[in-house]
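Participant: Everything below, folded, please.
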Amino acid sequence: MTMKMEQITQRLPIFLVLLSIILLPGCISEKEICANIPLSVVRNECYFWSVKVNPDKSLCSEITDSFYRDECYLNVAVTKFNSSLCELIRGQLSMDNCYQRIAINTKNESLCDLSLIHI
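Facilitator: Below is the predicted model:
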């Protein structure tokens with residue numbers, strides 16, 4: 001696991017508790033909360049973790065860090081079994097991972113052809 005992913009994993013429980021407390025149903029959106037965070041690193045993490053609660057690709061497009069953005073699109077794509085979202089990923093390894101995970105989860109072998117790395 002990379003250092004960034006370890007840091008993210010450590011912060012997940014705290015962030016999810018805070019997000020669930022802050023987000024009273026229908027009162028304020030994740031996008032509004034994250035947009036008001038001044039520090040870009042924390043704002044990026046806010047969008048990233050918000051997708052775990054609400055798998056909405058529009059949250060990913062707000063992320064400025066390419067690693068977080070790619071992982072965000074990957075998570076939404078895999079959660080929704082939507083391989084077309086893999087095309088939004090810029091990093092080749094993450095894109096391949098996206099196609100492969102959806103191929104395995106949906107048992108759709110044709111998606112493996114879209115990946116440069118074949119399993």
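
Participant: can you pull out the helices in this structure?
Facilitator: Secondary structure of the chain by DSSP state H: the helices cover 3-22, 30-35, 40-53, 57-60, 66-80, 92-106.

Participant: quick one, which of the ones you listed is packed in tightest?
Facilitator: Among the helices of the chain, ranked by average contacts under mean count of other C-beta atoms under 10 Å, first place goes to helix 66-80 (a mean of 21). In short, each C-beta sits where N, CA and C put it, glycine included.

Participant: Check the gap between the closest residue to I63 other than its chain neighbours and R43 for me.
Facilitator: Once flanking residues are discounted, I63 sits nearest to R69: 4.1 Å by C-beta to C-beta, 6 or more residues apart in numbering. Noted for R69: a distance of 12 Å to R43, by C-beta to C-beta, to the nearest Å.

Participant: and the residue positioned nearest the centre of the chain, what does it touch?
Facilitator: With distances taken as C-alpha atoms, centre = their mean, C72 lies nearest the centre of the chain, 1.7 Å away. Shown in contact with C72 (C-beta atoms under 8 Å, 6 or more residues apart in numbering): Y47, F48, V51, L59, C60, I63.

Participant: can these go into CSV with extra columns for pLDDT and distance to I28?
Facilitator: Shown next, in CSV, are the contacts of C72 (pLDDT from 0 to 100; distance: C-beta to C-beta, whole Å):
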residue, pLDDT, distance to I28
Y47, 92, 15
F48, 92, 18
V51, 90, 17
L59, 94, 14
C60, 96, 19
I63, 96, 19
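
Participant: of all the residues you listed, which comes closest to L39?
Facilitator: Distance to L39, by C-beta to C-beta, is smallest for Y47 among those, at 12.8 Å.

Participant: quick one: L85 from L74, how far?
Facilitator: 8 Å.

Participant: joint contacts of these two?
Facilitator: Shared contacts of L85 and L74 (C-beta under 8 Å, 6+ apart): C98.

Participant: what about this structure, any weak spots by pLDDT?
Facilitator: Scanning the chain for pLDDT under 70 picks out the ranges 1-27, 115-119.

Participant: Would you confirm that S94 contacts Y68?
Facilitator: No. Contact between S94 and Y68 fails when scored by C-beta atoms under 8 Å: they sit 10.9 Å apart.
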